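>>> Predicted structure and sequence below. I'll ask about it afterward.
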Amino acid sequence: MDLVWWLAYMALGGFVGLMAGLLGIGGGGIMVPVLTSLFVLQGVPHEHLAHLALGTSMAAIVPSSLSSLRSHHRHGAVHWQVVRYITPGILAGTFLATFVAALIPTRGLAIFFACFMLLMAAQMLVNLKPKPSRGLPGALGISGAGAGIGGISALVAIGGGALTVPFLTWCNIKVQHAIGTSAAVGLPIALAGALGYLINGWSVSGLPSAALGYIYLPALLLMAPLSILTAPLGARLAHRLPVATLKRVFAVMLVLLAVQMVYTVSTA
C-alpha cells in the first residue's frame, strides 16, 4: 500500500476523533463515505464498496467506544441497569442486521445511509430533542428498543448515540446519564457489528488481500490510534469554540458526504 493511503487513513482517523471529542458525535457519518471514496480509488470492486466501508468503520469504533465508556463511567454517568437490559437486544439486532446488509447491493446501502444521515443532519440543524414524556419500559421493552437501535446502527456504522440518547431522554433519563449510557451501549454495538461484518465477508471473493472479512485492516490499524489521540483534544476545544455553530456546519458536511457517497457508488 502506497504511503499516500497510509497518510489518508491516518488523517481520516485524526479528524474523526477530533469531531467525536468536539461534538460528541460518532465517526460513522464521516468514515463510511470517505472510506468508500478511498476504496474506489484503490480499485475495490463496486459490489464490496459499502460493505467494506461499513465493516471497517464498525471495527474502528470499538477502541474509541471503549475509551468513551471508561471516561463516562469515571464520572458516574452510566446507567448500568439500562445497559444490562438493553445489551441483549443491541447484540442481537446489530449482529443480525449485518446479515441483512450483506444481502443489500452497494447502491441500496448507500441510499439508506444517505437518507439516515440527512435525517440526522436535519435534527442537528433544528436542534430537535424529544421531551421527557414517559418512564423506562420493562426489561423486555428496553431490549426491544435495543434491537431496533442496533439494527439501524449496523446499517449505517454508528455507535448508536444518535438513537440511544433521544430514546433515553424521552424515557426521562437525565441528558448527562443518557449520553454516558449511550457511550456504554456503543461498545456492544461496535463489537457485534464488527464481528458480523467479519463473518459475512469471510469467504467473499474480490476483497483486498489485507481485508479480514469486510474489515480492511490497514485502514483500521491506521485510523483507530489517531482517533483515540485526537478525541481528548476535541473535548478540550469544545469548551473554547462555539459548539452550536460547529454542529450546524457539521450537519451540512454530513449532507454533502452522504450525497457524495451515493454519487460515488452510482458512478464507480
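Now that the structure is in, tell me what you want to look at.
>>> Output the residue ranges of the strands in the protein, listed in chain order.
For the chain, strands defined by DSSP state E occupy the ranges 211-212, 215-216.
>>> Need the winner for burial among those strands.
Of all these, strand 215-216 has the most neighbours on average by mean count of other C-beta atoms under 10 Å, namely a mean of 26. For the C-beta atoms, the positions are set from N, CA and C on the backbone; glycine is no exception.
>>> what's the average pLDDT for it?
Taken as a whole, strand 215-216 has an average pLDDT of 96.
>>> Same question for stretch 30-40.
Stretch 30-40 shows an average pLDDT of 93 in the prediction.
>>> and what of stretch 112-120?
In the prediction, stretch 112-120 has an average pLDDT of 91.
>>> How much space separates the residue nearest in space to the middle of the chain from G141?
By C-alpha atoms, centre = their mean, the mean C-alpha position of the chain lies nearest to I158, the distance being 1.8 Å. Plainly put, I158 is 22 Å away from G141 if you go by C-beta to C-beta, to the nearest Å.
>>> okay, now the closest residue to L229 other than its chain neighbours: neighbour count?
Nearest residue to L229 in three dimensions, chain neighbours excluded: G17, at 6.6 Å (C-beta to C-beta, 6 or more residues apart in numbering). The criterion is other C-beta atoms under 10 Å. On that basis, G17 has 27 neighbouring residues.
>>> how about the helices in the stretch 151-268 of the chain?
Along the stretch 151-268 of the chain, the segments classed as helices by DSSP state H, counting those that start in this stretch run 161-170, 175-200, 217-237, 243-267.
>>> can you list the residues that contact the last one?
For helix 243-267, contacts defined as C-beta atoms under 8 Å, 6 or more residues apart in numbering pick out 19, 22-23, 25, 29-30, 32-34, 36-37, 40, 46, 49-50, 106-107, 110-111, 113-114, 117-118, 120-122, 124-125, 127.
>>> Which members of those are classed as buried?
Neighbour counting by 16 or more other C-beta atoms under 10 Å classes 19, 22-23, 25, 29-30, 32-34, 36-37, 40, 46, 49-50, 106-107, 110-111, 113-114, 117, 120-121, 124 among the contacts of helix 243-267 as buried.
>>> Just the ones in helices from those, please.
Under the assignment DSSP state H, those contribute 19, 22-23, 29-30, 32-34, 36-37, 40, 49-50, 106-107, 110-111, 113-114, 117, 120-121, 124 to helices.
>>> any low-confidence regions in the stretch 1-150 of the chain?
Per-residue confidence for the stretch 1-150 of the chain (pLDDT under 70) gives these ranges: 1, 23-26.
>>> pretty sure the residue nearest to L229 contacts A231?
Yes - checked against C-beta atoms under 8 Å, the pair G17 and A231 is within contact range at 4.2 Å.
>>> Between the two, which contacts overlap?
What both G17 and A231 touch, as defined by C-beta under 8 Å, 6+ apart, is the set S64.
>>> Next, work out how far apart the closest residue to A154 other than its chain neighbours and G151 are.
Setting aside the residues directly before and after it, A154 is nearest to A97 in space (C-beta to C-beta, 6+ apart), at 3.7 Å. With the distance defined as C-beta to C-beta, A97 ends up 4 Å from G151.
>>> anything in contact with each of these two?
Between them, A97 and G151 share no contacting residue under C-beta under 8 Å, 6+ apart.
>>> And the pLDDT at A238?
At A238, the pLDDT recorded in the model is 66.
>>> if we can go back for a sec, nearest to K174, of the strands of the chain?
Across those, K174 has its closest neighbour in strand 215-216 (35.8 Å, C-beta to C-beta).
>>> Tell me the helices and strands packed up against the closest one.
The contact analysis (3 or more C-beta pairs under 8 Å, 6 or more residues apart in numbering; DSSP states H and E) places strand 215-216 against helix 49-74, helix 175-200.
>>> That one - which strands sit beside it in the sheet, and in what orientation?
When pairs are called by DSSP bridges, strand 215-216 turns out to pair with strand 211-212 (antiparallel).
>>> how about the nearest residue to V204 once chain neighbours are set aside, what does it touch?
Ranked by C-beta to C-beta, 6+ apart and with sequence neighbours excluded, the top spatial neighbour of V204 is H48, at 7.0 Å. Contact criterion C-beta under 8 Å, 6+ apart gives F39, T106, G201, V204, G206, L207, Y214 as the residues in contact with H48.
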